[in-house]
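Visitor: here is my input, please return the structure:
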Amino acid sequence: MKVWSLESRVQSFELPFELSKSDNESSLFMSDSRLQTPDSRLAMKVMIRVPNWVGDAVMAEPALRRLRRIFKDARITFVARPWVAGLFEGENLYDDVIPAPDARGYLQSTTQFIKDARTLRREKFDYGVLLTNSFATAVMARAAGVAEVAGYATDWRTALLHKPITFEKGYKSKHQVFYYLNLALDIERSFGKATGDDLPNPQPQLQATAESLKNARRLFADEGFEVRSPESGAWSPASGLETPASEVGDSQADFINDETCTAERPAPDIRFYPLKSKSRTPDTGHRTKRLVALNPGATNSRAKQWLAERFAATADALAERDGFQTIIIGTAGDVGRANEVAQLMQTKVVNLAGRTSIAELKAVLSLSSLVISNDTGAAHVSAALGVPTVVVFGPTEHFATRPLSDLAAVVRHDVECSPCMLKDCPIDHRCMTRVEVDDVYAAAKRVLVMSDKR
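Guide: Numbers count the residues shown, from 1 in each chain. As a prediction, the model looks like this:
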C-alpha cells in the first residue's frame, strides 16, 4: 500500500498559476481522453475524497462499501485527512491512501496546492468520487487531472463536476448515512448497473485488525486491566447482507421514562433506534470484568460537553454496582477535559486521551463492553464496531447524525433552544445540565441488556 503526503487544501477560488509543460498539459482544466464507456470503466483507477471528520467518515462507510462493490476490479485510492485515514485500516475498502493534512495561510496553501496537484496528476485517475461538499475539493480533483469527477452539486461547484449529482428527495428527513448512500447508488446507476429495491445494509460496519487488538490488550495488561480476548469478543460484519429498501426507514423510537420525574424535572428523552436488519452477530465469550470507555471531550465544541462530574459519577456507579473497569479516551485536544474527569472519579481509571491514533482507538473500543460519549466521532466508531453506546446530545441535531446502530442510545432533554448548533452556550447550558447521572446510567443498563439478548 502506498502512502503519499498531501499538505494542504485550497483556501481561495483564484488559481494564479499554470502547471508546467512537464505535466504534458498546458492548462489546469481540460477534457480527458481517458473518459471511458460504461462497460470499460469499472476496471480503472478511482480516487475517493473521504469526508474530513471522523463521524462523517463513519456515516459514509456504507457508501464506501457500496463503491468498493461497484468498482470491484478497480484500484481505489482514498484521499483523507490524517485523523480519518487510519479509520479504514483493515476494512478492505481501498488499495492506496493519500493523507491530506490541513494547511493555514494563503501562500502555504497555494504553494502546496500546486505540488499536490502534480502529485495527484501522476496517478492519472480515471474517476473521482467526492464525498465532501466543498468547492475546494472539486478544484483539487480537476487540477489533479481526474478524468471524470462525480459529486453533489453544492457550494457553486457544478461546473467543475463531470457528473453533478442531485439530492435525493426528502434527504433532510433521513439519516446522513443515506445522504452518502444516495451518491453511491446514483453512480452505480450511471454505470448501467441495476440497483433494484435493494440498498446496502445502512448500519456502518468497522472492525479492528488482529495486530491492533493484540497491542490494545498489551496496553490494558500493563495498566492492570483484564479484558476479553479478541477471539472471544470481537464482532464480525455480516457478509453480503442486503436489506430491502422498504425495511430501512426510520423505526419508531423506544422510550424510557424515569418514574421519579416530575413537572419540575421532565422525563429525559432516551431513544433507541432498532433497525429491522442486524448487521453484526456478537460472540460474547468469557470476560472476567467489563470495560466502559468514557469520551467526555468535544474538541470543536464546548457546548456539546456533558458535565465532567457527571461522567465521573456515572463511571463510578458502573464500577461500584456492576463491576466495570473505566478508561477515558479522546484526542490530544481532549486531554484537559479527560484529566478533569479522571481527577473527579473515586474508582480506578486509565486515561488514554491523546495516547491513541484512530486505528488504535478502534482496537481499544472493540475491547470495551460499553461506551458513554458526547456527540463526537468516537461515538460513531464504537457503534460501528458493534459496541453498546450511549450518546448525550444537547445543542446538536440528533435525528440525522446519531450513531446508526441497533445498540446505540441517545439521551437528551427536549429544551426550547435545542438544537442551536452553537459551539458555546450563551445562556445556562440547560440542554446538558438537565441530563442527570441516573438518565445515562439507565440508558447504559438498557443497551447492555439489549446486547446480552442478541
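
Visitor: which stretches of the stretch 101-250 of the chain form strands?
Guide: 127-130, 149-152, 163-165, 198-200, 235-237, 242-244 (DSSP state E, counting those that start in this stretch).

Visitor: hang on, I meant the stretch 301-450 of the chain
Guide: 325-328, 349-351, 370-374, 389-392, 408-412.

Visitor: name the residues of the fourth one that are buried.
Guide: Spelled out, that is strand 389-392. Neighbour-count burial for strand 389-392, counted by 16 or more other CB atoms under 10 Å, picks out 389-392. No exception for glycine: its C-beta is placed from N, CA and C like everyone else's.

Visitor: and the protein, split by domain according to the record?
Guide: The record's domain parsing of the chain by automatic domain parsing lists 21-195, 210-453.

Visitor: pick out the shakiest of the ones you listed, pLDDT-wise.
Guide: If the domains of the chain are sorted by mean pLDDT, domain 210-453 sits at the bottom with a mean of 77.

Visitor: what about that domain, how long is it end to end?
Guide: Using CA to CA, to the nearest Å, one end of domain 210-453 lies 26 Å from the other.

Visitor: next one: that domain to chain centre, how far?
Guide: Relative to its chain's centre, domain 210-453 lies at 14 Å (CA atoms, centre = their mean, to the nearest Å).

Visitor: repeat for stretch 127-135
Guide: 17 Å.

Visitor: residue 359 is in contact with residue 86, correct?
Guide: Yes - contact status for residue 86 versus residue 359: in contact at 3.8 Å, counting by CB atoms under 8 Å.

Visitor: one step back: for the strands of the stretch 301-450 of the chain, which one sits closest to residue 110?
Guide: When those are compared by CB to CB, strand 370-374 sits nearest residue 110, at 36.5 Å.

Visitor: so which elements touch the closest one?
Guide: When contacts are defined as 3 or more CB pairs under 8 Å, 6 or more residues apart in numbering; DSSP states H and E, strand 370-374 packs onto strand 291-295, helix 308-322, helix 377-384, strand 389-392, helix 437-453.

Visitor: apply 10 Å and report the result again.
Guide: strand 291-295, helix 308-322, strand 325-328, helix 377-384, strand 389-392, strand 408-412, helix 437-453 (3 or more CB pairs under 10 Å, 6 or more residues apart in numbering; DSSP states H and E).

Visitor: now the helices for this structure?
Guide: For the chain, the helices defined by DSSP state H occupy 54-59, 61-70, 82-85, 106-121, 135-143, 176-190, 210-222, 230-233, 308-322, 335-344, 358-366, 377-384, 430-433, 437-453.

Visitor: most packed of those?
Guide: helix 377-384 (a mean of 29; mean count of other CB atoms under 10 Å).

Visitor: restrict stretch 441-452 to CA atoms and write it as CSV.
Guide: Presented in CSV, the C-alpha positions along stretch 441-452 are these (Å, rounded to 0.1, in the frame of the first residue of the first chain):
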residue,chain,number,x,y,z
TYR,A,441,-26.9,5.1,33.8
ALA,A,442,-30.4,3.9,32.9
ALA,A,443,-29.6,4.1,29.2
ALA,A,444,-26.4,2.2,29.7
LYS,A,445,-28.2,-0.6,31.5
ARG,A,446,-30.7,-0.8,28.7
VAL,A,447,-28.2,-1.1,25.9
LEU,A,448,-26.3,-3.7,27.9
VAL,A,449,-29.5,-5.8,28.3
MET,A,450,-30.2,-5.4,24.5
SER,A,451,-26.7,-6.5,23.8
ASP,A,452,-27.0,-9.6,26.0
